[in-house]
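J.: Could you work out the structure for the sequence below:
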Amino acid sequence: MLKIDYKKEMKELYQPSAKKVSIVSVPPMKFLKIDGRGDPNTSPDFASATEALFSVAYTLKFMVRQGPLALDYGVMPQEGLWWAEDMSKFSVDDKSAWLWTLMIMQPDCINKQLVTQAIDVNIKKKENPALAKLRYETYKEGKAAQIMHVGPFTTEGPTVAKVHEFIEAVGSKPTGLHHEIYLSDIRKAAPENWKTVIRQPMS
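T.: Below is the predicted model of the structure:
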């Protein structure tokens, strides 16, 4: 059975340096995605979306492993796009108005038909309204600046600022949505060891 670690295959995108900001060219990739709004720390919708995404992602993994491809791969980490209707009010102090898209990257062997089957399997197993909101589509990000943040989410501010200062220093401007990739299992790892990729598309 062929085994692939996509995080290693795409190391430049998923394992950046924690010491300096780098520029990457992100190719179009396929994702499972769910949209929502509200404080991620308290929103029931956020928790439901996370559960739905991982449930379908693992179902797809086992479908491919047991299918004719006989391919085994590690489920990719959850990622998040963050914004607000009025970006001037986008504040870490009040997250109730935050808008977000949670997503998990899918390998090329996954297609829309498999995703539909995986969603149906999960709908039959459990009641989760987020499953009906799940979609499968391409995300095109392109040129971006990124760095690894090590520590709890509450200390991300200076890291995010460092990325934006870098973009300004090289004569570019931020474009698109603030993007985070959550590499650590926060149920097991100590907050000071959490690893999060901070990415910002740029012109």
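J.: Could you check the pLDDT of the residue nearest to the spatial centre of the chain?
T.: Nearest residue to the geometric centre of the chain (CA atoms, centre = their mean): Glu79, 1.0 Å. Note on Glu79: pLDDT of 98.
J.: do you know how far it is from Ile198?
T.: Between Glu79 and Ile198 the computed distance is 11 Å (CB to CB, to the nearest Å). The C-beta positions use only the backbone N, C-alpha and C, and glycine is treated the same way.
J.: For this structure, which segments are assigned as strands?
T.: 2-4, 22-26, 29-37, 71-73, 78-83, 99-106, 135-139, 142-150, 178-182, 195-201 (DSSP state E).
J.: follow-up on the earlier one: ok, now how distant is the nearest residue to the residue nearest to the centre of the chain once chain neighbours are set aside from Lys7?
T.: For Glu79, ignoring the flanking residues on the chain, the nearest one in space by CB to CB, 6 or more residues apart in numbering is Ile181 at 4.7 Å. Counting by CB to CB, the separation of Ile181 from Lys7 is 10 Å.
J.: any low-confidence regions in this protein?
T.: 87-94 (pLDDT under 70).
J.: For the residue lying farthest from the centre of it, grab phi and psi.
T.: Going by CA atoms, centre = their mean, the residue of the chain most distant from its centre is Pro68, 28.4 Å out. Backbone geometry at Pro68, expressed as degrees, to the nearest 10, gives phi -60, psi -30.
J.: Distance check, it against Ala97.
T.: Where Ala97 is concerned, Pro68 sits at a distance of 47 Å (CB to CB).
J.: cool, and Thr42?
T.: Thr42 is 13 Å from Ala97, by CB to CB.
J.: Neighbour count for the two, which is higher?
T.: Ala97 (14 against 10; other CB atoms under 10 Å).
J.: Can you pull the phi and psi angles for that one?
T.: Dihedral angles (degrees, to the nearest 10) for Ala97: phi -100, psi 0.
J.: Can you spell out which helices and strands pack onto the longest helix seen in the chain?
T.: Looking across the chain with DSSP state H, the single longest helix is helix 44-66. Applying 3 or more CB pairs under 8 Å, 6 or more residues apart in numbering; DSSP states H and E, we find helix 44-66 packed against strand 29-37, strand 71-73, strand 78-83, strand 99-106, helix 112-125.
J.: make it 6 Å
T.: strand 29-37, strand 99-106, helix 112-125 (3 or more CB pairs under 6 Å, 6 or more residues apart in numbering; DSSP states H and E).
J.: most packed of those?
T.: Of all these, strand 99-106 has the most neighbours on average by mean count of other CB atoms under 10 Å, namely a mean of 22.
J.: Name every strand pairing with it and say which way it goes.
T.: Applying DSSP bridges, strand 99-106 is found paired with strand 29-37 (antiparallel), strand 78-83 (antiparallel).
J.: Could you dump those strands into JSON lines with distance to Ser55 added?
T.: Listed next are these as JSON lines, based on distance: least, CB to CB, whole Å:
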{"stretch": "strand 29-37", "distance to Ser55": "10"}
{"stretch": "strand 78-83", "distance to Ser55": "12"}
